[in-house]
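*Asks:* Need the 3D shape of this:
(one chain, ligands or ions: 2)
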Amino acid sequence: MTMEPASGVPLAMFRDATSLDEAGASRAFASQAAIMPVNEKAAREPDLVVRGLRKSFDKTTRVLDGVDFTVPAGQSVALIGANGAGKSTLLRSCLRLIEPDAGDVRLLGRDMRSLKARELRELRAEIGFVFQKHNLVPRLSALTNVLHGALPRSALARPWFQSCAPKSLRDEALACLERVGLGHVAARRADKLSGGQSQRVAIARALMQRPRLMVADEPVASLDPSSGEEVMRLFADLIRREGLTLLFTSHDLSHAIAYADRVIALRRGSIVLDAPSSELNVATLRALYD
Ligand SMILES: Nc1ncnc2c1ncn2[C@@H]1O[C@H](COP(=O)(O)OP(=O)(O)OP(=O)(O)O)[C@@H](O)[C@H]1O
Ligand SMILES: [Mg+2]
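*Replies:* Ligands and ions are numbered 1, 2, ... in the order given. Next comes the predicted model:
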């Protein structure tokens, strides 16, 4: 059950690449990039291409055992799998937050291996992160926390408070809060917000980065089922409406099916299922855990 990339993606490129060794795959990507006109390349290149990704933390266990997949722009992908299957390691390796042992990652059109530290920082600034723990600064207002999403693209090194941030940025931060339905709590301290509200502020902070791609590691795992459902629905609707790409992990199989276009399941570091969510049900996915 392997899904093809969505239409508009240069399919032949990836069919060819999958039959090559890792070095060959890199050359294929490089030569394709070189011959494609810039506009066409921007329109057609997938947001994420992962080939032959391997990672071990010790000599005995391979946490990622040759992972291959492609995420076209605008697609929403759920990564599922048991505890320890390698989901977070895969997300982190794609962003080079940890160094993979082998394999190629092309993220937003750039070869991750070839990037220098500054280029890597600039690239990560284009990616919105949402984690299980929202990591808001408790004593600061919701609006100031959202403003901090603009720091990676700002010339200023220190975090702003809402009172001293430029008006254009304050307006933008307020608009981000309104997009998650929380304009009315802009002035409230983060430690006075509910869990669901805090996670929505974290989503607004990620939006403030003006991301093309959102990466979310168990974004609603800390919330009760009803808040989790509400936040996940809001998040997925927002991603769809704004045409962003989303890669998220979840242990909630119904969320994976309802809120992703496609589900990828990992077992012991290998992909064991990659299918459109429209072809899946919870029972099929549950069976993968047995
Ligand atoms: N920094 C690290 N050092 C050593 N081992 C690690 C490290 N990070 C992850 N691991 C190991 O790699 C394996 C995969 O971990 P990972 O966190 O990627 O799994 P996961 O699928 O995200 O699990 P969960 O659903 O519990 O979040 C686990 O056995 C874990 O102990
Ligand atoms: Mg994890």
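
*Asks:* Return the set of buried residues in stretch 263-272.
*Replies:* Of the residues in stretch 263-272, 263-267, 269-271 count as buried by neighbour count, 16 or more other CB atoms under 10 Å. In this view, the C-beta of every residue, glycine as well, is placed from N, C-alpha and C.

*Asks:* Same list (these) but as CSV, adding pLDDT.
*Replies:* Below are the buried residues of stretch 263-272 laid out as CSV (pLDDT from 0 to 100):
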residue, pLDDT
V263, 98
I264, 98
A265, 98
L266, 97
R267, 96
G269, 96
S270, 97
I271, 97
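
*Asks:* Now the two most distant members of those residues.
*Replies:* The most widely separated members of those, counting by CB to CB, are V263 and G269 (17.3 Å).

*Asks:* rewinding a little: sort out for me which of the buried residues of stretch 263-272 are in strands.
*Replies:* 263-267, 270-271 (DSSP state E).

*Asks:* hang on, the earlier thing: run through the buried residues of stretch 263-272 and flag the ones next to ligand 2.
*Replies:* With CB under 5 Å from the ion as the criterion, the buried residues of stretch 263-272 include none near ligand 2.

*Asks:* Please produce a markdown table containing those, extended by distance to S114.
*Replies:* Output for the buried residues of stretch 263-272, formatted as a markdown table (distance: CB to CB, whole Å):
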| residue | distance to S114 |
| --- | --- |
| V263 | 31 |
| I264 | 26 |
| A265 | 30 |
| L266 | 26 |
| R267 | 31 |
| G269 | 25 |
| S270 | 26 |
| I271 | 25 |
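
*Asks:* returning to what we had before: tell me the one of the ones in strands among the buried residues of stretch 263-272 nearest ligand 1?
*Replies:* L266 (6.6 Å; CB to the nearest ligand atom).

*Asks:* Stretch 66-82 close to ligand 1?
*Replies:* Yes: interface with ligand 1: stretch 66-82 contributes G81 (CB under 6 Å from any ligand atom).

*Asks:* chain center to that stretch: distance?
*Replies:* Remark: stretch 66-82 is offset 9 Å from the chain centroid, using CA atoms, centre = their mean, to the nearest Å.

*Asks:* now check it, is it near ligand 2?
*Replies:* No: Stretch 66-82 is not in contact with ligand 2 by CB under 5 Å from the ion; minimum separation 9.0 Å.

*Asks:* What is the nearest of the ones in strands among the buried residues of stretch 263-272 to A82?
*Replies:* Distance to A82 across these (CB to CB) is lowest for R267, with 7.1 Å.
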